[in-house]
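**Q** Return atomic coordinates for the entry below.
(chains A, B and C)
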Amino acid sequence: MSVPAVDRTALPVRCSGTPVGEVGLSVTPPRLADVTTTSSATSVDAVLEGPRPRLLLVDGHSLAYRAFFALPAENFSTSTGQVTNAVYGFTSMLINLLRDEAPTHVGVAFDVSKRTFRTEEYPEYKAGRSATPTEFTGQVDLVKEVLAALRIAVVTKEGYEADDVIATLTGAARAQGAEVLVVTGDRDAFQLVDEATTVLYPRKGVSDLARMTPEAVEEKYGVRPERYGDLAALVGETSDNLPGVPGVGPKTAAKWLTAHGDLQGLVAGVGSLTGKAGQSLRDHLDQVLRNKRLNAPVRDLELPVVVDDLAVRPWDREEVHRVFDGLEFRVLRDRLFATLSADEPEVDGGFAVSAERPAGSDAAAWIAAHAAPGGPASGVAVLGRWSGGSGDAWGLALAGADGATAWFDLRELSPDAEAALAAWLADADAPKVLHDAKPALHALAERGTPLAGLVADTALAAYLCQPDQRSYDLADLAVRFLQRELKVDEDAAGAGEQQGVLDLDGDAAGPDEGQLACVRAAAALELSAVLAEQVEQRGGTQLLGELELPLVPLLAQMEADGIAVDTAALERLEGEFAEVVADAAEEAYAAIGGQKINLGSPKQLQVVLFEQLGMPKTKRTKTGWTTDAEALADLNVRQPHPFLDHLLRHRDASRLRQTVEGLLKAVADDGRIHTTFQQTIAATGRLSSTDPNLQNIPIRTAEGRRIREAFVVGRDAEVLLTADYSQIEMRIMAHLSGDEGLIEAFRSGEDLHRFVGARVFGVEPADVTGEMRAKIKAMSYGLAYGLSAFGLSRQLTIPVDEARGLMDDYFARFGGVRDYLRGVVEEARATGFTETVLGRRRYLPDLTSDNRQRREIAERMALNAPIQGSAADVIKLAMLGVERALREQDLRSRLLLQVHDELVVDVAPGEREAVEALLREQMGARVQERTQLSVPLDVSVGAGASWHEAGH
DNA sequence: ACGCCCACGTA
DNA sequence: CGTACGTGGGCGTC
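**A** From the prediction side, this is the model:
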């Protein structure tokens, strides 16, 4: 499993220097020179290697105090009565910061005592504050415990405030070229802001941080950050008990400072100031200069740490568990591990494998001894390949529950050994665990030794636990869940001197593929236990065992079957599309004076469109202006030009030709296309299709549909059937929201958009015009994606107000939908995940992000995931039902494709009626029964000699 | 050779 | 400033 990018940057390299233990007690306080230069080798390495360092500095007391007042104490206390609201809020904020800001270095500064050089000069400093509540004081130590467990350095300096520590470290880090983020509720820190130093200032609560960049400071206070201290000296700071100049507010102060450059200049020119404010300043000059001395952070403290000591380190996992258990922070701990668990766990050696090579009759004996049917599951790893409809397996490793491993080279297996192995593989009572079983099923089936008795697939289990991962590599899972490298444990007794292990490369030192396969089998077996527990904790055991796992052999079968194509038809299409491409290109060139640019290059197109033809600029992309179809069509209205027509025609035709070419390349020797269905890619639970993708074959345009005509009924089949759900996502939304109106719409059998349109526009269904219906349709579907009024207005090209009115009217009639959409996000924010009808979860840690864009993206995902994911649950259930019904009725028809809400079936001769009936029955009532959906599932079925004809 | 961007196909 | 995917060409980088 690859680690998400954000985690990688969050906790990158282990610093090669001596680990710093108790930072606060560091023996030799480095001199200032150590702080500001990169004198030690470690420092230089840490700074020069890898991405630009990002130092996160937190004012611990300030943030915890904020949290204390932001979160109601009565909601946060342990069973022993310890109040934890400040610890909770602080930790929550810290987790978000680590995730969102991905710092490479982190330090938390605390004030040590009330006595500082500031109180020496001005005893009233920070006086007049109400006494710190006792419920808070105790929590500071708990915060420090959390930090210790996370191995985040706590930095303090006797006689100084946290801000001084932060200012000093900021200066040192900036001198080393690092970016700095300061998190504090003390505005004096704004003085530190520069182009690479940002202050995150809590606005309200524990999740709303203002990002104070130089621009933000200037916009808010009218002066650059370096002048903020001057401004504060003039205006005063209530919380520090520093009075300002009476009659002088931020506006006047900023005006003066701008006019005189800085406070020094202002003092020099104080005589020339006019008016009451000027006199007031002259009267309070001493006070202002004192304020300035007191509010200036000390930037050159001698500290017990240097910046490199703050490098992010792997946390102490046991300690994290201990501390979080004590605080009873269950959700927070899950969030911590879910979002930031890419630290480097202490990885032990590899797997001790015996890697025996039982041959002849010993094979059966080994199996009986270590992997007997009816016993505990064995790990299986297959070496082989499968793609595009053919493949082979040449090696097989088994790992028994007793720890023994064996390796079978399938190329040189004796007949009796092969028979024993094949019997065991095919024995459904011999339970097997694989990692990513589907390719192995293919490879073994190709060899004529099919596998049954699959009881666990560790890739699927990991997918259900963390569906947003991109891949689920066995080696990554081993490190993550077993804290072990996927390798042979060389230290294990006898591992290096296995009898009979051939080294195919002649490399005596390294383990051979047989040993490595044994490692994979052993790892899969061990992992399956750990992951089963993880899945269980997430309530996914049934989903895994009764849906995803049984789907594996079915998908394998569908892939192996493939769908027949009319190759000749595809070739004719390719030729036709190629002609259009050539013709359109010619005419396009002619329209721009014969320039033969590359029409497929957005960059060259931009030169022609915006520079040569002087077209108005379109929407921006990251690298220029868009030349997408919508923009070109729009340009053609505003400034018609033949080039645009030919370009669009060229685009369309070349895309179609490209699609056809791809399909032709994918046709296997059997005249069929064998896609691969990916079961662990889509975070919502959908399948995806690759090599080639058969889930995005054109259907919307007439030309595109001609490609569908080339997908045809198989040679031994009678007809293709397609069965699809109508409006499944809207039905799911009706069910999940429980909205009476929407449920009624589906039960009434009326056309959905007409029904909804009638309600929204307040007319009879018969009076809903086509235009009204189109608007309703766009809005209804948009809602399931988190569409905004702005987005709706843009899509329908109507004013935003009208779009907003439309949505308001919709929600007025279908209030349950509004309540649901609101509730689903709030619940997900509280629990950390969304859930489908079958309990499939999607974790969305960004719902509590301080970063508005990330948070809003996560909110839209939270809206959509239960809907899209439940629809995925539904059709997966239907697939299993259809397959079972086909088998039970001894039908030979084959399920071939799934396209999210559609199934395609090759129907064997004479089975058409039966298959159509079972499709309707299984996809409809049976699934509704299993999911307890409150709306009926409408299935429409079509038949034909091609996918096009069978479609509706 | 690899990765990113753009554009665009599906549900 | 609407979710979920996969593919292919262009183009910059190594």
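**Q** quick one, phi psi at the closest residue to residue A:705 other than its chain neighbours?
**A** Nearest residue to residue A:705, sequence neighbours excluded (C-beta to C-beta, 6 or more residues apart in numbering): residue A:948, at 5.4 Å. For the C-beta atoms, the positions are set from N, CA and C on the backbone; glycine is no exception. With angles defined as degrees, to the nearest 10, residue A:948 sits at phi -60, psi -50.
**Q** wait, what's in contact with residue A:948?
**A** A:705-706, A:708-709, A:711 (C-beta atoms under 8 Å, 6 or more residues apart in numbering).
**Q** can you name the farthest residue from the center of chain A?
**A** The centre of chain A is farthest from one residue, residue A:271, which by C-alpha atoms, centre = their mean lies 61.4 Å away.
**Q** need the residues of chain A near DNA strand B, please.
**A** A:602, A:621-624, A:626-630, A:651-652, A:655, A:693, A:695-701, A:704, A:899-902 (C-beta under 7 Å from any atom of the strand).
**Q** mind redoing it with 6 Å?
**A** A:602, A:621-623, A:626-629, A:651-652, A:655, A:695-696, A:698-700, A:704, A:899-901 (C-beta under 6 Å from any atom of the strand).
**Q** Among these, name the buried ones.
**A** Buried members of the residues of chain A next to DNA strand B, counted by 16 or more other C-beta atoms under 10 Å: A:602, A:627, A:651-652, A:655, A:695, A:698, A:704, A:899-901.
**Q** Could you dump the residues you listed into a markdown table with distance to residue A:593 and pLDDT added?
**A** Listed next are those as a markdown table, based on distance: C-beta to C-beta, whole Å; pLDDT from 0 to 100:
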| residue | distance to residue A:593 | pLDDT |
| --- | --- | --- |
| A:602 | 20 | 92 |
| A:627 | 19 | 94 |
| A:651 | 21 | 94 |
| A:652 | 24 | 94 |
| A:655 | 26 | 93 |
| A:695 | 42 | 95 |
| A:698 | 33 | 94 |
| A:704 | 32 | 93 |
| A:899 | 45 | 96 |
| A:900 | 46 | 96 |
| A:901 | 48 | 96 |
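**Q** Measure how buried residue A:701 is and give me the count.
**A** A total of 10 residues lie near residue A:701 under the criterion other C-beta atoms under 10 Å.
**Q** Which residue comes closest to it once chain neighbours are left out?
**A** residue A:652 (7.7 Å).
**Q** Verify the contact between the one you found and residue A:703 for me.
**A** Yes - using C-beta atoms under 8 Å, residue A:652 makes contact with residue A:703 at a distance of 7.1 Å.
**Q** before we move on, back to that, could you list which of the residues of chain A next to DNA strand B belong to helices?
**A** A:602, A:629, A:651-652, A:655, A:704 (DSSP state H).
**Q** correct me, but residue A:250 touches residue A:222?
**A** Yes - using C-beta under 8 Å, residue A:250 is in contact with residue A:222, at 6.8 Å.
**Q** any shared contact partners between these two?
**A** Joint contacts of residue A:250 and residue A:222 (C-beta under 8 Å, 6+ apart) are residue A:231.
**Q** and the residue in the stretch 451-600 of chain A that DNA strand B sits nearest to, backbone torsions?
**A** Per C-beta to the nearest atom of the strand, residue A:600 is where the stretch 451-600 of chain A lies closest to DNA strand B, at 8.7 Å. Backbone torsions for residue A:600, taken as degrees, to the nearest 10, come to phi -90, psi 0.
**Q** Now do the closest residue in space to it that isn't next to it in sequence against DNA strand C, distance only.
**A** Leaving aside its sequence neighbours, residue A:600 sits nearest to residue A:654 (C-beta to C-beta, 6+ apart; 6.9 Å). Using C-beta to the nearest atom of the strand, to the nearest Å, one gets 8 Å for the distance from residue A:654 to DNA strand C.
**Q** And the strands in the stretch 451-600 of chain A, which stretches?
**A** Assigned by DSSP state E, counting those that start in this stretch, the stretch 451-600 of chain A shows strands spanning A:454-457, A:563-565.
**Q** Out of those, which is closest to residue A:285?
**A** strand A:454-457 (77.0 Å; C-beta to C-beta).
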